[in-house]
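Enquirer: I would like to see how this sequence folds:
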Amino acid sequence: MNAQVLLLKYIRNSEKVFAEIEFTRDIGIQDREKVIEVMEYAKRYLSDAKFYGEKQQYETGLVSVAYCEGMLDALRLLDMVEFTWPNTEEKR
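Expert: Here you go, the predicted structure:
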């Protein structure tokens with residue numbers, strides 16, 4: 001796959017996660033505010049990825065969307081949010 005195809009795929013996957021992401025049931029109010037802040041940063045990286053894709057700077061876009069994915073994965077690994085990456089479901 002070339003960089004353009006990968007970028008579009010990762011952008012779609014991140015958008016799907018943002019559409020379905022949920023807080024874990026036992027997260028406190030202070031943690032919820034922190035999670036929202038991190039998610040806002042992740043959304044900005046996703047926005048950057050789209051911007052670079054439009055400018056045909058696909059490699060830079062891939063870096064941006066990778067930051068977005070990393071932040072979302074970190075929140076999930078800390079058990080603060082719940083979601084499944086779309087590709088994980090397709091492979092089952």
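
Enquirer: What are the buried residues along the helix or strand where residue 32 lies?
Expert: Per DSSP states H and E, residue 32 falls inside helix 29-54. For helix 29-54, burial by neighbour count (16 or more other Cβ atoms under 10 Å) applies to 35, 38, 39, 42, 43, 45, 46, 48, 49, 50, 52, 53. From N, CA and C alone the C-beta is placed, and that goes for glycine too.

Enquirer: Report pLDDT for the closest residue to the fifth one other than its chain neighbours.
Expert: Setting aside the residues directly before and after it, residue 43 is nearest to residue 18 in space (Cβ to Cβ, 6 or more residues apart in numbering), at 6.9 Å. Per-residue confidence at residue 18 stands at 98 (pLDDT).

Enquirer: Can you report how many residues neighbour residue 18?
Expert: 15 (other Cβ atoms under 10 Å).

Enquirer: Packing partners of whatever helix or strand it lives in?
Expert: Here residue 18 sits within helix 3-20, counting by DSSP H and E. The contact analysis (3 or more Cβ pairs under 8 Å, 6 or more residues apart in numbering; DSSP states H and E) places helix 3-20 against helix 29-54, helix 58-77, helix 86-91.
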